[in-house]
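Participant: need a 3D model of the following:
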Amino acid sequence: MIRSPRRALVLVIIAGMIVGCGAAGPLDPTPTPPGLHTPSPAGTLAPTPSGGPESSPPPQATATPTAAPAPTLGAVSWSVPKLIRPGECSGPAATIDSTGRRHVVTACDGGVRYLTSADGSSWTETSFVPAIDVLEMNPQVAVDGDTVHVVFDRLVPEDGGCGGDGLSELGVFLTSRHLPNGAWSDPVRIGNQGDRLQAFRAARGVLHLTVSTSPEGSVVYESLADSTLTRIAIPGALTTSLRVGDDGKARIAFSTGQAIEYATVDGGAISSVTIAESADAYLRNPLLVLGPGNDGYIVWTHRIDAGGGCMERDDGPLDGTWFGTDKGGGWASTRVTPSHGEISLTLDPSSGRIHVLVVEFPMTHYTSTDGSSWDAFAFTNGKDFVTPTIRIDPTTGALVVFALQFGQGVVVFGST
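Facilitator: As a prediction, this is how the structure comes out:
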């Protein structure tokens, strides 16, 4: 896409407004480099020194699992990162379908880019070019049978002061195509003007979304089936993660700020249970995957409440990245690491092995067979990676990581 001078100016102004509106408050923590890991030779991961992840439960959380410690996993070898989309981009979001085809979406220069590869080596790109002075951001992708769906936020710049991002929400838009070579449909809005996308999945012909609403400021679950849109409020939700079970029911992990909740959507109702909570800390950024039998696996970050303002805050004794599962019949949790950067989660359904990425300078791979103890390996060049997404290729069982690399763009690399 060729940017007009006006579009380029709009993007620069928006970036300046976001940066210039003051320091982030206690609800927007910045990852702190822990200095826990030692780099290893190129192409491998380095074990975390002894005395790493702890397993004391957060306040009012259920007991830590009592299963035997997981066996030590040998250091994973990774391929050299392959640049698949150069430039200044955000994201990416990615999925791998049942045939092993990769699908990646990212936003670059105010427009959505879709990249796909059948073999992980040769990539093709499609650009969805918005109208002048319209921005399309925050894309997500899902595959349902032979149909790939891409959803994204559409926004327009507006006059605004400090405290806002200077963008007016036009809503969440959808475009789809049939695999392998179908044409993309014209984008259509799902839901209401003012919605912003949080999570998206597609299964059995039904689209499932969670969106934040404006001006209400609440979060709702949406389903779209046969042109019928259903919206259900998620009480207290701030951020969400969404999956669809084998029974067709949506499951949602969400943060209320000081608690992590796990909800099931059944008909027109949502019921939830509390996984972890704290009166003096922020529990945020939950990520959910479902295992066989619809067992839930969730990771989230725990940060002490420093009391607001711009004061420096030391990490609390329970701060870090936490993991919880109900595989044993009731929810139990353990701390994966004291670090609390960006996270990504996947599960190998055949072996039950859990994989967590944490951006903690360097990015670190944590893995466990049961969630009670974790092996940790730091990426040699992990200081360069942000916003990672880890997935498993169902045709080979290999791990695949999609990420942004500083100064480069969107990259992909896999376990070898």
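Participant: what bridges to residue 148?
Facilitator: Residue 148 has these beta-bridge partners by DSSP bridges: residue 143, residue 177.
Participant: so who does it touch?
Facilitator: 97, 103, 141, 142, 176, 177, 179 (CB atoms under 8 Å, 6 or more residues apart in numbering). Where you see a C-beta, it was placed from the backbone N, CA and C, and this is true even at glycine.
Participant: so among those residues, which ones count as buried?
Facilitator: Among these, those classed as buried by 16 or more other CB atoms under 10 Å are 97, 103, 141, 142, 176, 177.
Participant: how much space between the second one and residue 368?
Facilitator: Just to be clear, that refers to residue 103. 28 Å (CB to CB, to the nearest Å).
Participant: and for the first one?
Facilitator: Separation of residue 97 from residue 368 (CB to CB): 26 Å.
Participant: again with the fifth one
Facilitator: Taking CB to CB as the measure, residue 176 and residue 368 are separated by 36 Å.
Participant: where do the strands sit along the stretch 1-150 of the chain?
Facilitator: 45-47, 82-86, 89-96, 102-108, 111-117, 124-128, 135-144, 147-157 (DSSP state E, counting those that start in this stretch).
Participant: pick out the shakiest of the ones you listed, pLDDT-wise.
Facilitator: Per-stretch mean pLDDT for these is lowest at strand 45-47 (a mean of 36).
Participant: which SS class is the spatially most central residue of the chain?
Facilitator: The chain has residue 344 as the residue nearest its centroid, 5.9 Å off, counting by CA atoms, centre = their mean. Per DSSP: H, G, I helix; E, B strand; the rest coil, the secondary structure class of residue 344 is strand.
Participant: do the same with residue 407
Facilitator: With three-state DSSP as the criterion, residue 407 reads coil.
Participant: next, give phi and psi for it.
Facilitator: With angles defined as degrees, to the nearest 10, residue 407 sits at phi 80, psi 0.
Participant: grab the nearest non-local neighbour of it.
Facilitator: Spatially, and ignoring its direct neighbours in sequence, residue 407 is nearest to residue 384 (7.8 Å; CB to CB, 6 or more residues apart in numbering).
Participant: tell me, how many residues neighbour the one you found?
Facilitator: Counted with other CB atoms under 10 Å, residues neighbouring residue 384 total 16.
Participant: quick one: low-confidence ranges for the stretch 101-250 of the chain?
Facilitator: Along the stretch 101-250 of the chain, the parts satisfying pLDDT under 70 run over 159-165.
Participant: what about 90?
Facilitator: For the stretch 101-250 of the chain, applying pLDDT under 90 flags the ranges 109-110, 129-133, 157-169, 214-217.
Participant: same thing with the stretch 301-416 of the chain?
Facilitator: Ranges of the stretch 301-416 of the chain meeting pLDDT under 90: 305-316, 328-329, 340, 360-362, 377-384, 407, 416.
Participant: how distant is stretch 239-253 from the center of its chain?
Facilitator: Relative to its parent chain, stretch 239-253 has a centroid offset of 14 Å by CA atoms, centre = their mean, to the nearest Å.
Participant: what residues are bridge-paired with the residue nearest to residue 124 when sequence neighbours are not counted?
Facilitator: Excluding its sequence neighbours, the residue lying closest to residue 124 (CB to CB, 6+ apart) is residue 116, at 5.9 Å. In this entry, residue 116 is beta-bridged to residue 103, residue 124, by DSSP bridges.
Participant: about what we covered before: which residues touch the residue nearest to residue 407?
Facilitator: Contacts of residue 384 (CB under 8 Å, 6+ apart): 405, 406, 407, 408.
Participant: ok, now with 10 Å
Facilitator: 81, 362, 363, 403, 404, 405, 406, 407, 408, 411 (CB atoms under 10 Å, 6 or more residues apart in numbering).
Participant: gap between it and residue 339?
Facilitator: 17 Å.
Participant: list phi and psi for residue 196.
Facilitator: Torsion angles, degrees, to the nearest 10, at residue 196: phi -130, psi 140.
Participant: residue 168 is in contact with that one, correct?
Facilitator: No. Residue 196 lies out of contact with residue 168 (CB atoms under 10 Å); the separation is 11.0 Å.
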